[in-house]
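Student: Provide a 3D model corresponding to the input given below.
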Amino acid sequence: MFGASDPLQALHQLENYHREGRLERAEVLASDLTDRLMMAKNRDDNIQSALVKGLRLLSTILNDRGKFKRARLTVKLLHKQRNRLGKLIGHDLVQGAEDYRLEGSIQVNSGKKGAAKKAFAKCEKMQPGHLAAALEVAELTGFTKRLAKLYPRSGPVISSNGNFVLQPVNRPAADARRIGVVLGGDIQQDIERQISAIESGEQAANARLQAAMDRLVPTHDYHSYSSN
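Tutor: Numbering: from 1, shown residues only. Predicted structure coming up:
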């Protein structure tokens, strides 16, 4: 069966199916793969890692296909198996936060806003200052307080791969215009002003990177040279 001999290769193929929009096939095969990995006795680090990745992908596919009840059950299993993997090789808080962010989306789509807020809160606890998750909370549940608090700490608007984003240091990027729409008022005006300045060349496409590069440029004390 699919993935029996090399689960990592199977996962790569499943990711391709998902990316191509072949969701029904991806769901069937991801279900088969994760079921087989769950039944494996004495799973080593590699098999456990493959299982966690498979459950993460299956949760995403089920959410995309609108199968929210099963997606909720699968993402809960994902948390359990990721924690088991963490005991073997060490806990990955970054990925753990993203898994709770995924659960938050699934819970909202299921109409369970209370559970969604709890999931997003766990994401924030694992990765404080997670602007992208705060944006999703605001858009999906209408709770904007956290987003408004994080916005001033997020630095300037950045142009990245044709998109305008805000990206706190060591955190995922969030769409700047979507933040502006949610928060409105002066914040939206400021975001649009920065975007216009980037488009006109008045503001660096990545002001934070530019400032770091400027600090690397050596400065010379020309007065000391002239006095020698």
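
Student: Run a quick neighbour tally on the nearest residue to residue 135 once chain neighbours are set aside.
Tutor: In space, and not counting its chain neighbours, residue 135 is closest to residue 174: 4.7 Å by Cβ to Cβ, 6 or more residues apart in numbering. Any C-beta I mention is one placed from the backbone N, CA and C, and that applies to glycine too. Neighbourhood size, residue 174 [other Cβ atoms under 10 Å]: 22.

Student: where's residue 195 relative to residue 151, distance?
Tutor: Note on residue 195: its distance to residue 151, by Cβ to Cβ, to the nearest Å, is 15 Å.

Student: So between the two, which is more surrounded?
Tutor: Neighbour count, other Cβ under 10 Å: between residue 195 and residue 151, residue 151 has more, with 23 against 17.

Student: and the more buried one, what does it touch?
Tutor: 131, 166, 179, 183, 187 (Cβ atoms under 8 Å, 6 or more residues apart in numbering).

Student: redo that, cut-off 10 Å
Tutor: Applying Cβ atoms under 10 Å, 6 or more residues apart in numbering to residue 151 gives the contacts 131, 134-135, 144, 166, 168, 174, 176, 179-180, 182-183, 187, 190-191.

Student: And for residue 62?
Tutor: Contacts of residue 62 by Cβ under 10 Å, 6+ apart are 23, 27, 30-31, 68-75, 106.

Student: just for this protein, where's the confidence low?
Tutor: Applying pLDDT under 70 to the chain flags the ranges 1-5, 207-228.

Student: mind listing the helices for it?
Tutor: Secondary structure of the chain by DSSP state H: the helices cover 7-19, 23-39, 45-64, 68-89, 93-109, 113-126, 131-141, 145-150, 176-183, 185-200, 207-216, 222-227.

Student: Please consider this matter closed, and thank you.
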